[in-house]
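Engineer: how would this look folded up:
(chains A, B, C and D)
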Protein chains: 2
Amino acid sequence: MDQNSLPPIQTTARDDAVLKALVGFVRAEALQPGERLPTERILAERLKVSRNTVREALTRWEGLGLVERRQGSGTYLKAAVSPDMLHMPLTLAGGNDFTSLMHTLEIRRALEAEAAALCAERASPADIAEIERKLDIMEQAFRTRDGMSSEEDWEFHQAIYRVSGNPLFEQIIAAMHELFHRFWEHPLGVRDFGHASFPYHRTIYQCIAARDPQGARAEALKLIATVEDDLKRGAAKLKLPSQT
Amino acid sequence: MDQNSLPPIQTTARDDAVLKALVGFVRAEALQPGERLPTERILAERLKVSRNTVREALTRWEGLGLVERRQGSGTYLKAAVSPDMLHMPLTLAGGNDFTSLMHTLEIRRALEAEAAALCAERASPADIAEIERKLDIMEQAFRTRDGMSSEEDWEFHQAIYRVSGNPLFEQIIAAMHELFHRFWEHPLGVRDFGHASFPYHRTIYQCIAARDPQGARAEALKLIATVEDDLKRGAAKLKLPSQT
DNA sequence: GTGCAGAAATTGGTTGGACCATTGGACCAC
DNA sequence: GTGGTCCAATGGTCCAACCAATTTCTGCAC
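Structural biologist: Below you'll find the model as predicted:
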């Protein structure tokens, strides 16, 4: 590690300066997502600030999803950083009621359709192969575990978001995914939850492989529609309140 | 083995607990945005945690825009909080390059299309009348000011988001709108920026009035497509870098 | 009483040092 | 190999100060 890439900082606005210095460091060292950055103690020493200040700065980055801290292990880069990043922290007054869940699904439907369409436009042969691989894994898991393939299912969708070439898709949907799963852990009493959506994964893939954006968009819409139907059936069964 | 049957164990989550307690406090005291919440020292004492831990928690809230800290004065609530907020920190790399702008536009295209479709499904006669009113105002402004109708244009779209019945559309797009306008104030040197999109506002309205979700979706896609074209022309003129 | 300058208290920001809990590797007995 | 134990490294928490900005109070001049 080049020690000159971590010069001491100068004035007030300490933690901002720490982050700025850290951006410079990441670029100087060409750190990639997944790599570990220096320990808090080293950063504090090099930047001539207290470790608490370093921690406040890293806490902000962690909140933005730029970094992940693992106790006993280190702090790891989670996304690419650049000097002119724009942060748009969006907090939605979501609820645990059925209505809010449907609202998130409507957003997901919009993004899923667009991502699939963009994916069909832009996928390289290697991308298509990668998506097919995820699809095979998912279908395999679906058959052997009789429908419980949520993890593999999610990876399939993530692959599509990535190939869409627009990182915002993954960021937004990942945030909603977490909310969704607070509810989804127990499939709302619907035994075969998600079964209906299964075939559409392959049809989406086929449209992508055939470079058919409109088709991919349409199939993605159908997929989410089946999830919405499942959700409605589950809500009806549980007599879930439709309002908070 | 079902991976879900062995979730990661939850050990320590001090600052999360602090935030949870703080949510409870805000609700118990019915604090409104703008009001001051207890000092860090008091929070630390009451919650039986160190002040550092309180600060890390507040730093996270500050990063999310929920709270504002003023040295010497106090910490003030900036937005309403609820126990089940959904946090969506979006960071887009490279603020003013063409690629990032296109990324935000792709998200907007997805949401705009879906909002228009939902709007066509759900609009009441009163809603339709309201949208038409906004449309008339926009068209009037467009004609008298020769294309400079961004404010009225925005209100027309907002009306559609509202009628869609899903508040998330407006929240997400509003956040991106602000971001977008930091660079959009000057229409990238394209003199008639936005002109091409003008007729589609009325066609979208007509589809909504005719309760035609598919048509509304298609027209919304066309509208954004014209904006994308304008943007590309502007980028070509300015020789804007397509990468960071 | 009023107005205002300066002192004092309040509050977030920073520091340095200490200890705890977890992680992951090294090492060892089996 | 396998399974333990130990140990150093690292993030998480705590404490007790002090600094810097702000607010509030005090007391004096008028």
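
Engineer: Going by C-alpha atoms from here, please, whenever you check contacts or count neighbours.
Structural biologist: Fine.

Engineer: Now do A:Gln71: how many residues are near it, please.
Structural biologist: A:Gln71 is flanked by 7 other residues according to other CA atoms under 10 Å in any protein chain shown.

Engineer: hmm, which helix or strand of chain A has the shakiest average pLDDT?
Structural biologist: Lowest by mean pLDDT, DSSP states H and E among the helices and strands of chain A is helix A:167-184, with a mean of 76.

Engineer: So which residue is dead centre in chain A?
Structural biologist: Centrality entry for chain A: nearest residue to the mean C-alpha point is A:Ala174, 3.2 Å, by CA atoms, centre = their mean.

Engineer: Tell me the secondary structure at the closest residue to DNA strand C within chain A.
Structural biologist: Going by CA to the nearest atom of the strand, DNA strand C is nearest to A:Gly72 of chain A, at 3.0 Å. Recorded secondary structure, A:Gly72: coil (DSSP: H, G, I helix; E, B strand; the rest coil).

Engineer: how many other residues sit next to it?
Structural biologist: The local packing of A:Gly72 (other CA under 10 Å) involves 6 other residues.

Engineer: For A:Arg14, report the pLDDT, please.
Structural biologist: Looking at A:Arg14, its pLDDT is 77.

Engineer: what lines up beside the lengthiest strand in chain A in the sheet?
Structural biologist: Criterion DSSP state E: the longest strand present in chain A is strand A:86-92. Here strand A:86-92 has these sheet partners by DSSP bridges: strand B:86-92 (antiparallel).

Engineer: Report whether whichever helix or strand comes after the partner strand contacts chain A.
Structural biologist: Proceeding C-terminally, strand B:86-92 gives way to helix B:98-122 as the next helix or strand, assigned by DSSP states H and E. Yes. Using CA under 8 Å from any CA of the partner chain, helix B:98-122 reaches chain A at B:His103, B:Thr104, B:Glu106, B:Ile107, B:Arg109, B:Ala110, B:Leu111, B:Ala113, B:Glu114.

Engineer: In TSV, list those along with distance to DNA strand C.
Structural biologist: As requested, the residues of helix B:98-122 next to chain A are arranged in TSV below (distance: CA to the nearest atom of the strand, whole Å):
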residue	distance to DNA strand C
B:His103	33
B:Thr104	31
B:Glu106	36
B:Ile107	34
B:Arg109	38
B:Ala110	38
B:Leu111	36
B:Ala113	41
B:Glu114	41
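
Engineer: Which member of these is positioned nearest B:Lys78?
Structural biologist: B:Thr104 (25.6 Å; CA to CA).

Engineer: Just the pLDDT at that closest one, thanks.
Structural biologist: 84.

Engineer: What's the separation between it and A:Cys119?
Structural biologist: Distance of B:Thr104 to A:Cys119, given as CA to CA, to the nearest Å: 16 Å.

Engineer: cool, and A:Leu221?
Structural biologist: From A:Leu221 to A:Cys119 the distance is 15 Å (CA to CA).

Engineer: more crowded one of these two?
Structural biologist: Comparing A:Leu221 with A:Cys119 by other CA under 10 Å, the one with more neighbours is A:Cys119, at 30 against 22.

Engineer: next one: phi and psi at the nearest residue to that one once chain neighbours are set aside?
Structural biologist: Among residues not flanking A:Cys119 along the chain, A:Ser164 sits closest, at 4.2 Å (CA to CA, 6 or more residues apart in numbering or on different chains). With angles defined as degrees, to the nearest 10, A:Ser164 sits at phi -60, psi -20.

Engineer: separation between A:Ser164 and DNA strand D?
Structural biologist: Applying CA to the nearest atom of the strand, to the nearest Å, the value for A:Ser164 to DNA strand D is 32 Å.

Engineer: Same question for A:Glu121.
Structural biologist: From A:Glu121 to DNA strand D the distance is 40 Å (CA to the nearest atom of the strand).

Engineer: Count the residues that sit near that residue.
Structural biologist: 19.

Engineer: And the one 5 residues further on, by the same measure?
Structural biologist: The local packing of A:Ala126 (other CA under 10 Å) involves 9 other residues.

Engineer: With A:Arg143 instead?
Structural biologist: A total of 11 residues lie near A:Arg143 under the criterion other CA under 10 Å.

Engineer: Which positions in chain A make contact with DNA strand D?
Structural biologist: Counting by CA under 7 Å from any atom of the strand, the residues of chain A lying close to DNA strand D are A:37-41, A:52, A:55, A:69-75.

Engineer: can you rerun that using 10 Å?
Structural biologist: Neighbours of DNA strand D within chain A, by CA under 10 Å from any atom of the strand: A:12-13, A:36-44, A:50-52, A:54-56, A:58-59, A:62, A:68-76.
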